[in-house]
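1. Output the structure for:
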Amino acid sequence: MDQKDIRETALRALSALGRLPSAPYYEHRGAEYVRTFCEQAGLEVQTDRWGNVLAWRAGSSSDAPGLAFVAHLDHPGFEAVEERGGNLVCRALGGVPPGAIVRGVKVVILAPGSLGRIRGGRTDQQPVNEAFRRIPGEVIGVVPVSEDAHDTPPRDRSVIVRPSEPVRSLPCAVVFDLPDFDLDHETIRMRALDDLAGCAASLAALRAAVSVETPATVYGLFTRAEETGLVGARLAAEDGLLPRATVIVSVESSRTLPGAEVGKGPVIRVGDVRTTFDNRAEAYLVAARERLASRAGAFPCQRQLMSGGTCEASAFAAHGYSVTGLAFPLGNYHNAGPDNTVAAEYIALADFAGGAILLAEAASLAGTVPISASTARLRARPEEADRLAAG
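-> Residues are numbered from 1 along each chain as shown. Below is the predicted model:
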């Protein structure tokens, strides 16, 4: 695949995933899309006992350490758990923004339906069977209402939602009434770029990897319940779902910071708020960036420790894996808009496309020992050595 194909594949996957809203523990529709996409791309696919989806293209050598892209399928939202006088009591799942508990916030209740397979040949289009009904609703209160309610973090609060029609089956997911996918010139706006952008970029890179032989296996791991504590990633790492020698690349959308800004390229992530990542793993992304720049004369890319949150690389690092990360600088992180509003997240189209291309280039290095130009210079014997030796 050329760069244009990678870009278009990533955008189609992102648009399709956006039309399958999810919250933690309600990722099944997105997981089904990922499975179908990977099967049609010619990848091997399995689902582990926790519902995480693992796809891979085998390498030519069983001894070479693999390279894995890890992204999560969920996004903060609510779970409707109780009907009360025609309204729904909904508990927060993940880090919902403060504005989410303000009366008048519009939401969509994902009424349960039967989940059928997304039929072959349709993964690049709007999925045929969404397997749920979208029922409009509105936040009308907070539960429990007490004198200290304002001191309770939004993620620990429950809210009362008024649905536009009765919801017959509980529990079910509740998400913000925000755009599924909107491409406006050079900006992508969505309810859940964190982390559907990571999933879509990884899918495009995996599809490109099918036609490129490498010594090592290239994996994609699509996890569940990241927003409630890296749950799916922690369980996959604990189980050794990926061989322990595998290099992990966490692919995320992460809040903007100085040095990690929207529109200046994807960010090679050297750490998060918990963990400093591994330079040996980062070498894959650095070498890929340098190869892309050498062909085009330049490749916009940033490098930063993204301390705005914890990503799945930390879960794998805790279990002894070599880890690095790639991030898309994200505006309105977790739907926290200006002035305590709820708003769509946004990233730059160029950052997203560049990230997918960078991942595909990194996949072509799987099983090698990538050495960047700067590392090669540091390895070379300094010309000044003789002068030092001469005293």
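
2. separation between L305 and T324?
-> According to Cβ to Cβ, to the nearest Å, L305 and T324 sit 12 Å apart. Where C-beta positions appear, they are placed from N, C-alpha and C, glycine not excepted.

3. Common neighbours of the two, please.
-> When contacts are counted by Cβ atoms under 8 Å, 6 or more residues apart in numbering, L305 and T324 have 269-270 as shared neighbours.

4. quick one: which of these two has more around it?
-> Just comparing L305 and T324: by other Cβ atoms under 10 Å the higher neighbour count belongs to T324, 25 against 17.

5. Is it correct that the more buried one falls within a strand?
-> Yes. Under DSSP: H, G, I helix; E, B strand; the rest coil, T324 falls within a strand.

6. List the residues that contact the closest residue to it other than its chain neighbours.
-> Ranked by Cβ to Cβ, 6 or more residues apart in numbering and with sequence neighbours excluded, the top spatial neighbour of T324 is A281, at 3.8 Å. Taking Cβ under 8 Å, 6+ apart, we find A281 in contact with 247-249, 322-324.

7. Which strands and helices lie in contact with the worst-scoring helix or strand of the chain on mean pLDDT?
-> Across the helices and strands of the chain, mean confidence by mean pLDDT, DSSP states H and E is lowest for helix 373-379: a mean of 76. On a contact count with 3 or more Cβ pairs under 8 Å, 6 or more residues apart in numbering; DSSP states H and E, helix 373-379 meets helix 279-296.

8. All the helices of the chain, in order from the start?
-> 3-18, 28-41, 193-209, 231-239, 279-296, 312-317, 349-363, 373-379, 385-389 (DSSP state H).

9. so which of those helices gets nearest P338?
-> Proximity to P338 (Cβ to Cβ) singles out helix 193-209 among these, at 17.2 Å.

10. Tell me the buried residues in that closest one?
-> Taking 16 or more other Cβ atoms under 10 Å as the neighbour-count basis, helix 193-209 is seen to contain the buried residues 193-209.

11. repeat for stretch 230-243
-> Result for stretch 230-243 [16+ other Cβ under 10 Å]: buried residues 230-237, 241-242.

12. Just put these in TSV and tack on distance to S158 and pLDDT.
-> Formatted as TSV, the entries for the buried residues of stretch 230-243 read as follows, by distance: Cβ to Cβ, whole Å; pLDDT from 0 to 100:
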residue	distance to S158	pLDDT
L230	23	95
V231	20	97
G232	24	97
A233	26	97
R234	25	97
L235	26	97
A236	29	98
A237	31	97
L241	33	97
L242	36	98
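
13. now, the most widely separated pair of the residues you listed?
-> Maximum pairwise distance in those, criterion Cβ to Cβ, is 16.5 Å, between V231 and L242.

14. Surely I248 touches A313?
-> Yes. Under the criterion of Cβ atoms under 8 Å, I248 is in contact with A313, at a separation of 5.9 Å.

15. Overlap in contacts, the two.
-> By Cβ under 8 Å, 6+ apart, I248 and A313 have these common neighbours: 70, 323-324.

16. A283 and T375: what is the separation?
-> With the distance defined as Cβ to Cβ, A283 ends up 7 Å from T375.

17. Between the two, which is the more surrounded one?
-> Between A283 and T375, counted using other Cβ under 10 Å, the more crowded position is A283 (21 against 15).

18. what separates the spatially closest residue to the more buried one that is not a sequence neighbour from E345, distance-wise?
-> For A283, ignoring the flanking residues on the chain, the nearest one in space by Cβ to Cβ, 6+ apart is P370 at 4.7 Å. When distance is defined by Cβ to Cβ, P370 is 32 Å away from E345.
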